[in-house]
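[1] the following block contains a protein sequence and its predicted model.
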Amino acid sequence: MFDRVLLLSASSGAGHMRAAQAIERAVIELGAAREVRHVDTLEYTTKVFRNLYSRAYIDMVNKAPDVLGWLYDQMDKPWKNERRRLAFDKLNTRPFVRFLKDYRPDITICTHFLPAEIISWLKAKRRLDTRQAIVVTDFDVHAMWLVHHFERYFVALEETRAHLQKLGIPSAKITASGIPIDPVFASPKDKFEMRRKHGLLHDVPAILISAGGFGVGRVAQIVDSLLEVKHPAQVVAICGRNPDLKQNIEKQAARISTAGNVSIKAVGFTTEIDEYMAAADILLGKPGGLTSSEALARGLAFVIVNPIPGQEERNADHLLEQGVAIRCNNLPVLAYKIDCLFDDPSRLERMQGAARQMAMPAAAYDIVNSLRLHP
């Protein structure tokens with residue numbers, strides 16, 4: 001049993017936080033530590049730095065995604081620019097360093113690259129005695145995740161494991177665990193029971209739109225495009241922490257003629273996303289690492305729309321390669337592509353089967369158990 005387990009995420013995207021929360025729950029349920037704590041690293045940084053990591057990221061997703069993609073590619077140069085980046089991070093994370101020294105964790109589990117880099121530096125200087133595990137929260141691994149001083153890496157896929165090996169990470173220190181999601185996704189739930197619980201029609205296909213935890217993306221335009229679907233369908237739009245988006249979707253729903261084929265339900269931030277996914281047939285939206293892994297666990301076919309250039313583009317490639325997803329690059333033909341799927345039930349079933357095959361719903365448990373055996 002560990003004495004103190006410290007989970008470190010960063011609120012620059014909801015996925016990093018959710019991955020840490022999933023591992024935290026697994027630690028508690030497995031009784032793997034006397035004390036476990038989850039910390040948002042950005043709470044221990046300067047205000048300017050915190051805004052750069054959180055608000056600036058969301059603004060770029062909404063207003064300049066191409067610039068974000070360009071930055072992602074420019075910074076994906078393994079083992080390059082480490083000193084410059086570390087110097088900038090050290091300057092802005094002094095409160096975080098003090099916290100680590102005071103808390104003295106037995107093991108740190110990082111679901112974001114920022115704390116992983118700082119801890120690696122402290123370990124190199126022998127200023128912190130802790131074991132470090134790094135959990136990569138997308139299907140691919142970016143150069144920002146690479147550090148020199150660590151004990152374990154956990155990645156989504158065997159391909160990602162092979163990639164890290166080629167970059168010089170010892171094979172024995174890498175586990176292809178899958179991306180940790182809430183352990184609730186490891187428990188099967190009946191589709192029709194979940195539809196009844198959440199006020200959905202029993203016998204009409206359900207399309208779930210994911211806007212991510214922060215409710216970003218062109219959700220309102222996607223809903224407009226879906227109104228042209230010829231098959232009967234019910235659309236559930238998860239709006240995250242974006243009340244304005246929820247209100248706009250509800251206005252759209254109110255304008256729909258009762259004679260239409262498509263109904264719309266807007267949902268704000270919810271802790272029951274696993275139940276909505278269990279009720280659905282298709283997930284439509286952005287392929288973030290956590291959202292994609294949750295959808296795989298629920299056996300959903302994926303219709304990819306507007307992936308963020310960079311990490312989500314790469315996630316999309318893996319989903320397409322495994323036969324889990326189709327991609328719509330032009331919203332005017334979204335309804336056409338959805339109707340083609342409904343016209344070919346065997347294809348839709350194959351995609352759902354491929355999702356279940358790719359899924360690793362027990363990743364959080366597997367990570368904790370692996371660390372207990374090989375800390």
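    Sure, I can see it. Everything numeric in this text was worked out from a predicted model, so none of it was measured.
[2] per-domain residue ranges of the chain.
    2-179+361-373, 184-358 (automatic domain parsing).
[3] any chance of CSV for these, columns mean pLDDT and mean neighbour count?
    In short, each C-beta sits where N, CA and C put it, glycine included. Formatted as CSV, the domains of the chain follow (pLDDT from 0 to 100; neighbours: other C-beta atoms under 10 Å):
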stretch, mean pLDDT, mean neighbour count
domain 2-179+361-373, 91, 18
domain 184-358, 90, 19
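[4] is it true that K189 touches E272?
    No - contact between K189 and E272 fails when scored by C-beta atoms under 8 Å: they sit 10.4 Å apart.
[5] overlap of the contact sets of these two?
    Here K189 and E272 have no joint contacts, going by C-beta atoms under 8 Å, 6 or more residues apart in numbering.
[6] which of the helices or strands spans A133?
    strand 131-135 (DSSP states H and E).
[7] quick check: closest non-adjacent residue to V155.
    V136 (4.9 Å; C-beta to C-beta, 6 or more residues apart in numbering).
[8] er, V184 I mean
    Counting by C-beta to C-beta, 6+ apart, D274 is the residue found nearest to V184 once chain neighbours are left out, at 4.9 Å.
[9] now for the helix or strand where L91 lies, which elements pack on it?
    Secondary structure assignment for L91, by DSSP H and E: helix 82-92. Applying 3 or more C-beta pairs under 8 Å, 6 or more residues apart in numbering; DSSP states H and E, one finds that helix 82-92 contacts helix 113-124.
[10] nearest residue to the middle of this protein?
    L290 (2.3 Å; C-alpha atoms, centre = their mean).
[11] residues in contact with it?
    Counted by C-beta under 8 Å, 6+ apart, L290 has contacts A14, G15, R18, A19, T137, I179, I181.
[12] between helix 113-124 and the longest helix seen in the chain, find me the angle.
    Longest helix in the chain by number of residues (criterion: DSSP state H): helix 14-30. Using axes from the mean of the first three to the mean of the last three C-alpha atoms, to 10 degrees, one finds that helix 14-30 and helix 113-124 are set 60 degrees apart in direction.
[13] tell me what angle helix 14-30 forms with strand 131-135.
    Using the same axes, to 10 degrees: helix 14-30 against strand 131-135 is 120 degrees.
[14] list the contacts of the helix or strand following helix 14-30.
    Sequence order places strand 33-40 as the next helix or strand after helix 14-30, per DSSP H and E. Contact partners of strand 33-40, identified using C-beta under 8 Å, 6+ apart, comprise 1-11, 17, 20-21, 24, 27-28, 99, 103, 105-106.
[15] much appreciated, bye for now.
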